[in-house]
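Have a look; sequence and predicted model below, questions after that.
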Amino acid sequence: MEHEGIFRMWLERKPIFKNREYLRPTYTPERLPHREEQIHQLARILVAPLRGETPSNIFIYGKTGTGKTATVKYVIKELEKVGKELQRRVEGIYVNCEMVNTRYRVLATLVNCLVGGDRGARGVPMTGWPTDAVYDCFLRSLDSTERVVVIVMDEVDRLVAKNGDDVLYDLTRINSELRSTKVSVIGISNDARFTTYLDPRVKSSLGEEEIVFPPYNAIQLKDILEQRASEAFNPRVLGEGVIQLCAAHAAREHGDARRALDLLRVAGELAERDNTGMVTVEHVRRAYEKVEQDKMMELIRTLPSQSKLVLYSVLLLTEKGRNRITTGEVYEAYRRICRSGGVDVLTPRRVSDLISELDMLGVISTQLISSGRYGRTKEIVLNISPVQLRAALQEDDSISTIDVLTLPRQLTLM
DNA sequence: AATCCACAGGAAGCCCGGGAAC
DNA sequence: GTTCCCGGGCTTCCTGTGGATT
């Protein structure tokens, strides 16, 4: 009886998702709305080697979630297709410099991609060889057969920040060392200032062609969401205005399509849990709160410990029901907390800065008020619920071990 | 008008860890 | 290895300030 009920419940549940993979950021869609311009530019540049000309290198810039990676991957796939039709060998190699972030690793990865595509696995080990030997090996495997190779360096700023630009220097001038094969390098970055750190030679070579990916506006986001939603959701499960609302939220955050898709997916998951068979704007609203809250919790967890202690002081005062929390009160509470926890006590000046930082991060809000004769100070309010804040803060050892027995008494003496 | 509170927030410099240059 | 430099966290010292109070 019981068991039957459980299964019936699941059977009767109307499925929301057809395939939620389409909403994940890793998925590369077939069509990329509002990126025609960029696709066109890329194609114009990349077609050169197919005509036997030396290709330009390309630098791509755009904020997160503006479709840089997806567009490049798409164009390269198309390029490989056309190459096959023309009986020319075209190979795209994708390197994410966030993981592959040294000269050695980049070269090794490239060799292994080239050789692996050729015949079985017999490549360069991930460590051990002298880097120059890997470079030679790279040159030889490139030139072994005539072909066009497009090397995509995603998040290339990470590589340079950690390592300097010597690999990029290798890559951008590699064409002069090759007889038959032609190489084009595409660098992708979301930091526009990144090129200023480059060696001028690399800079001019990589920046031969520059493509900018502007943020999406709300209307464009709506198109993107609609297209993905038609693949991801079952028909007629999306309520009125759901997509518009997701698009509007993401548009406010510098047009990040990834966040828009995230929002839509979380809304769908919430609706699934509700088992009403329908995603409503209310779900989006809750999804937005959840996503924001997750972000905030993560932010608090990664705060430096002194900031956490200051925040903890604000929390305790809030929990005690203080209605006007001022800088002075926070400092006094903070001082006692530190002392009872055996932690160094910072000066009021520094704590004042920490309070301002917390304000900037949006964890608290402050307002400058003047009580005339009774001085000028900041009034402080928490921007998140005390319960959640406590949960996030208590993961920190230095706070969870603070003497909970003596502290409340000390604070009530204030 | 002068005073004065309770801070805000600027300026300069100390300390320390880490990375580059020698 | 040593030395140098840099940046971030922090302290010290400082000047500035809106408005109730005198």
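Cool, the structure landed. As the structure is a prediction and not an experimental result, all values here were calculated from the model. Residues are numbered from 1 along each chain as shown, chains lettered A, B, ... in the order given.

residue boundaries of the strands in the stretch 101-250 of chain A?
With DSSP state E, counting those that start in this stretch, the ranges of strands along the stretch 101-250 of chain A come out as A:148-154, A:182-189, A:209-213.

Would you tell me which one of those strands is buried the most?
strand A:182-189 (a mean of 24; mean count of other CB atoms under 10 Å). C-beta coordinates here come from the backbone N, C-alpha and C atoms, glycine included.

Run the chain-centre distance for the helix ranked longest in chain A.
Among the segments of chain A that qualify as a helix by DSSP state H, the longest is helix A:281-301. Helix A:281-301 has its C-alpha centroid displaced from the chain centroid by 16 Å (CA atoms, centre = their mean, to the nearest Å).

Determine whether any part of it lies close to DNA strand C.
No: residues of helix A:281-301 contacting DNA strand C under CB under 7 Å from any atom of the strand: none, with a closest distance of 14.3 Å.

Now that helix: buried residues?
A:Val281, A:His283, A:Val284, A:Arg286, A:Ala287, A:Tyr288, A:Val291, A:Met296, A:Met297, A:Ile300 (16 or more other CB atoms under 10 Å).

Got the confidence number for A:Val47?
Looking at A:Val47, its pLDDT is 88.

Contacts only, for the spatially most central residue of chain A.
Residue closest to the average C-alpha location in chain A (CA atoms, centre = their mean): A:Thr64, at 6.4 Å. Shown in contact with A:Thr64 (CB atoms under 8 Å, 6 or more residues apart in numbering): A:Asn190, A:Asp256, A:Arg258.

Please identify which of these is nearest to DNA strand B.
A:Asn190 (22.0 Å; CB to the nearest atom of the strand).

right, and that closest one touches A:Tyr61 too?
Yes: using CB atoms under 8 Å, A:Asn190 makes contact with A:Tyr61 at a distance of 7.2 Å.

Have a look at these two and say which one is more surrounded.
Remark: of A:Asn190 and A:Tyr61, A:Tyr61 carries more neighbours, 22 against 18, as counted by other CB atoms under 10 Å.

is it true that the more buried one touches A:Pro215?
No: taking contacts as CB under 8 Å, A:Tyr61 lies outside contact range of A:Pro215: 11.9 Å.

who's in contact with A:Lys73?
A:Lys73 makes contacts with A:Thr28, A:Gly92, A:Tyr94, A:Val152, as judged by CB under 8 Å, 6+ apart.

Find me the pLDDT at the nearest residue to A:His283 once chain neighbours are set aside, would you?
The spatially closest residue to A:His283, leaving aside those adjacent along the chain, is A:Ala267, at 4.3 Å (CB to CB, 6 or more residues apart in numbering). Residue-level confidence at A:Ala267 comes out at 93, pLDDT.

Surely A:Ala267 is in contact with A:Lys290?
No: look at A:Ala267 against A:Lys290 with CB under 8 Å: they stay out of range, at 9.2 Å.

And the average pLDDT for stretch A:389-402 is what?
For stretch A:389-402, mean pLDDT is 85.

Run through who's touching it.
Contacts for stretch A:389-402 (CB under 8 Å, 6+ apart): A:297, A:300-301, A:305, A:308-309, A:311-312, A:315, A:319, A:337, A:340-341, A:343, A:382.

again, only using 10 Å
Identification of contacts with stretch A:389-402 by CB atoms under 10 Å, 6 or more residues apart in numbering yields A:296-301, A:303, A:305-306, A:308-309, A:311-312, A:314-316, A:318-319, A:337-338, A:340-343, A:363-364, A:382-385.

re earlier: what's the spacing between the residue nearest to A:His283 and DNA strand C?
36 Å (CB to the nearest atom of the strand, to the nearest Å).

Now do the helix or strand harbouring that residue: distance to the chain's middle.
Element membership for A:Ala267 (DSSP states H and E) is helix A:257-274. Taking CA atoms, centre = their mean, one finds helix A:257-274 lying 17 Å from the centre of the chain it belongs to.

Leaving out the residues flanking it, which one is nearest to A:Arg201?
Per CB to CB, 6+ apart, closest to A:Arg201 is A:Tyr169, 6.9 Å.

can you count the residues close to that neighbour?
For A:Tyr169, the neighbour count with other CB under 10 Å is 17.

again, but for the one 5 residues further on
When neighbours are defined as other CB under 10 Å, A:Ile174 has 19 of them.

wouldn't it be in contact with A:Tyr135 here?
Yes: counting by CB atoms under 10 Å, A:Ile174 touches A:Tyr135, with 9.4 Å between them.

just checking, the residue nearest to A:His283 touches A:Arg285?
Yes: taking CB under 10 Å as the definition, A:Ala267 is a contact partner of A:Arg285 at 8.6 Å.

Between the two, which contacts overlap?
Joint contacts of A:Ala267 and A:Arg285 (CB under 10 Å, 6+ apart) are A:Leu245.

re the thing from before, find the residues that touch each one of A:Asn190 and A:Tyr61.
Overlap of the contact sets of A:Asn190 and A:Tyr61 (by CB under 10 Å, 6+ apart) consists of A:Lys68, A:Asp157, A:Phe213.

will you turn the residues you listed into CSV that also has pLDDT and distance to DNA strand B?
Shown next, in CSV, are the shared contacts of A:Asn190 and A:Tyr61 (pLDDT from 0 to 100; distance: CB to the nearest atom of the strand, whole Å):
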residue, pLDDT, distance to DNA strand B
A:Lys68, 91, 27
A:Asp157, 78, 15
A:Phe213, 92, 30
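
ok, so of these, who is nearest A:Ala108?
Comparing the shared contacts of A:Asn190 and A:Tyr61 against A:Ala108 with CB to CB places A:Asp157 closest, at 20.9 Å.

so which strand or helix has the closest residue to DNA strand B within the stretch 201-350 of chain A?
Of all residues in the stretch 201-350 of chain A, the one sitting closest to DNA strand B is A:Gly328 (2.1 Å; CB to the nearest atom of the strand). Assigned by DSSP H and E, A:Gly328 belongs to helix A:327-341.

For the next helix-or-strand element following that helix, name the packing helices and strands.
Using DSSP H and E, the next helix or strand after helix A:327-341 towards the C-terminus is helix A:348-361. Applying 3 or more CB pairs under 10 Å, 6 or more residues apart in numbering; DSSP states H and E, one finds that helix A:348-361 contacts helix A:281-301, helix A:305-319, helix A:327-341, strand A:364-370, strand A:376-382.
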